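Peer 1: just coords:
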DNA sequence: GTATCGTACAACCAAATGGTTGTAGATCAG
DNA sequence: CTGATCTACAACCATTTGGTTGTACGATAC
């Protein structure tokens, strides 16, 4: 995963509407217009949010008749979690070093 | 934590320079100018990145003489991880429901 | 066929973002 | 005291972001 991919991933999570979309489509299927009905903004605005989530691999779209069904994509979420886990690991290493120093002294 | 706080948190993570700063200051102490020396951009630009990280609770600053020491702040990182864990939990619930339906059928 | 629905996409706009330079205030070294 | 260093912050600029409206087109309903 490139740095640009990571940028897209966290940037996608940095908007409350998009986080809400991710939650909704993980629980149930929604068409784009079904999602748009939930928010106080235009259809086109929601469409753009979905596109941002799609580029970040947090959501997939599947055509069904004239509708486009949006579904949660576990892949993107897992990537984000693994990344934060790496930072956590760096922290634990630091804490470990400090503990070692205290043990020596 | 407000939605705006979450916005700030993920937005702070959505830039490669800022992610690198977080890694660095978790491992060792850096002054702002010490960090600035690492990147091909102006001091002021790095200063702004540090400010973004500070508002997101991913970093703290502490004055030491004329320097400002930047340190990693575990609090923000933990918050981010917990948030992603919530999304993961929603996923597991979904997978569980599907498994139940399959078991019934 | 015609009207409607769901979607895509372009054009536009205001505000935020990520960068710059320049100025000014503290603090430290000599 | 003087000069160098570290930081803060304002002003500015180009690009991106998050929103809007309008247009066009495929799929569905009647």
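Peer 2: Okay, I see it. In this text the structure is predicted, and so the values were computed from the model without any measurement.

Peer 1: interface residues of chain A facing chain B?
Peer 2: A:3, A:6-11, A:13-16, A:19, A:22-23, A:26-27, A:72, A:74, A:77, A:80-81, A:84-85, A:87-88, A:90-91, A:93-94 (C-beta under 8 Å from any C-beta of the partner chain). C-beta here means a position set from N, CA and C on the backbone, and glycine is covered the same way.

Peer 1: just the buried subset of the residues you listed, please.
Peer 2: Buried residues within these, counting neighbours by 16 or more other C-beta atoms under 10 Å in any protein chain shown: A:6-11, A:13-15, A:19, A:22, A:26, A:72, A:74, A:77, A:80, A:84, A:87-88, A:90-91.

Peer 1: out of the residues of chain A next to chain B, which are inside strands?
Peer 2: Using DSSP state E, the members of the residues of chain A next to chain B that fall in strands are residue A:72.

Peer 1: narrow the residues of chain A next to chain B to those in helices?
Peer 2: A:3, A:6-11, A:13, A:16, A:19, A:22-23, A:26-27, A:74, A:77, A:80-81, A:84-85, A:87-88, A:90-91, A:93-94 (DSSP state H).

Peer 1: of these, which are in range of DNA strand D?
Peer 2: residue A:11 (C-beta under 7 Å from any atom of the strand).

Peer 1: what angle separates the helix or strand of chain A with the lowest mean pLDDT from helix B:16-27?
Peer 2: Least confident element among the helices and strands of chain A, by mean pLDDT, DSSP states H and E: helix A:74-104 (a mean of 93). With axes from the mean of the first three to the mean of the last three C-alpha atoms, to 10 degrees applied, the angle from helix A:74-104 to helix B:16-27 works out at 30 degrees.

Peer 1: what about helix A:74-104, distance to the chain center?
Peer 2: Distance of helix A:74-104 from the chain centroid (C-alpha atoms, centre = their mean, to the nearest Å) equals 20 Å.

Peer 1: same for it, what does it pack against?
Peer 2: On a contact count with 3 or more C-beta pairs under 8 Å, 6 or more residues apart in numbering or on different chains; DSSP states H and E, helix A:74-104 meets helix A:3-13, helix B:16-27, helix B:74-104.
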